[in-house]
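> output the structure for:
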Amino acid sequence: MRLDELELVCREAATQLAQRPTRPLPASVVLPLPEATRVVALTDFPDDDPGRFDLLERFARDRMRAANAPCYGFLAEGLAGSQDGEPLEVVVVVFGARGHHPRVTAAPLTPEGLGSFTDAEELEPTAMPFLSPLQHAVDAAQPPDAFQ
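Numbers count the residues shown, from 1 in each chain. Okay, the predicted model is just below:
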């Protein structure tokens, strides 16, 4: 899967989650695997970075490494600054793949649904440090066997 395809899969997952009436949206991991793409809601997502890191480390070990996942997406609802200074509800999408630095995009969450996504850009190295277990898991994934 190419990065642009991964971004589209993650945006689509975010759009589908945003159509649900429940708020806030659960933090979720998107795992595009050969047999199917899975979206796993992390219903007890901690409020603190160390707790988030521990949860995602267990998730990466139990789900991603076991499946040899070469890429992932992470979706979460959050607040961002706006032009008028008021906080804006957004859905943040981070996606990463083996050998590629994670990228981030976001879209406003309005009563009518999800707005347009920003252009994806590289995730700052110090931003969202709790996501590093996901990136480490995909970086450790083995390439598929072309002769199977």
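> isn't residue 94 right next to residue 131, touching?
Yes: counting by C-beta atoms under 8 Å, residue 131 is a contact partner of residue 94 at 6.0 Å. Backbone N, C-alpha and C define where each C-beta goes, glycine included.
> what touches both of these two?
74, 102, 123 (C-beta atoms under 8 Å, 6 or more residues apart in numbering).
> only C-alpha atoms, please: export stretch 108-122 in CSV.
C-alpha atoms of stretch 108-122 as CSV (Å, rounded to 0.1, in the frame of the first residue of the first chain):
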residue,chain,number,x,y,z
PRO,A,108,-13.1,20.1,11.5
LEU,A,109,-15.9,18.2,13.2
THR,A,110,-19.1,20.1,12.7
PRO,A,111,-22.7,19.2,13.5
GLU,A,112,-23.1,18.4,9.7
GLY,A,113,-20.2,16.0,9.8
LEU,A,114,-16.5,16.0,9.0
GLY,A,115,-15.2,19.0,7.0
SER,A,116,-12.3,19.0,4.6
PHE,A,117,-8.9,17.6,5.6
THR,A,118,-5.8,19.7,5.7
ASP,A,119,-2.9,18.7,3.6
ALA,A,120,-0.9,16.0,5.3
GLU,A,121,2.5,16.9,6.7
GLU,A,122,5.2,15.1,8.6
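> and that stretch, what's buried?
108-109, 114, 117, 120 (16 or more other C-beta atoms under 10 Å).
> for these, which one is nearest residue 24?
residue 109 (9.1 Å; C-beta to C-beta).
> tell me which element the closest one falls in.
Element membership for residue 109, per DSSP states H and E: strand 100-110.
> contact partners of the host helix or strand of residue 133?
Taking DSSP H and E as the criterion, residue 133 maps to helix 132-139. For helix 132-139, the surrounding residues in contact (C-beta under 8 Å, 6+ apart) are 29, 53, 56-57, 59-61, 64-65, 69-72, 74, 96-99, 102.
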